[in-house]
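S.K.: this one's structure only:
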């Protein structure tokens, strides 16, 4: 499965073309469709950010995914979203996507918007791992198995240098 090519802006205003324009060789994406999914997103992101310190070629992003509306409505939604985020890291790694939800979900085989989806994609967009729903230990174990197959682990600095 290939992640579809979409354009968006980070909350700090940088345009990004997904998946090729993301910073990592591998990228963890948490896709949310509703404001009530914020708790699931926050749980995933806190754990995924810690994984990014372990794997130097890995980055994590949250993707609030919204039905494409009129440009003015999109601008209002962005301003409202930005107002709720004060962490500079979150502003660099949150990319609201304004898409045709049906087309986007069909491309990723997402059957419902009632929960979040977490995915590991490579720079070309190949989906290497995916899970539906909130964070739990079995899901993170499954992700770690995949990460250990495809990502290099950050080597600890040598002591005494």
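M.R.: Okay, I see it. From a predicted model like this one, the values you see are computed outputs, not experimental measurements.

S.K.: what pLDDT is listed against residue 150?
M.R.: Residue 150 carries a pLDDT value of 91.

S.K.: wait, it touches residue 28, no?
M.R.: No. Using Cβ atoms under 8 Å, residue 150 is not in contact with residue 28, being 11.9 Å away. The C-beta positions use only the backbone N, C-alpha and C, and glycine is treated the same way.

S.K.: give me the common contacts of those two.
M.R.: Shared contacts of residue 150 and residue 28 (Cβ atoms under 8 Å, 6 or more residues apart in numbering): residue 120.

S.K.: out of the two, which sits in the busier spot?
M.R.: residue 28 (27 against 15; other Cβ atoms under 10 Å).

S.K.: after the helix or strand bottoming out on mean pLDDT in the chain, next one along is what?
M.R.: Lowest by mean pLDDT, DSSP states H and E among the helices and strands of the chain is helix 71-83, with a mean of 48. Where DSSP states H and E defines the elements, the next helix or strand beyond helix 71-83 is helix 88-93.

S.K.: what's the average pLDDT for that following helix?
M.R.: The predicted model assigns helix 88-93 a mean pLDDT of 84.

S.K.: next one: stretch 50-64 to chain centre, how far?
M.R.: 9 Å (Cα atoms, centre = their mean, to the nearest Å).
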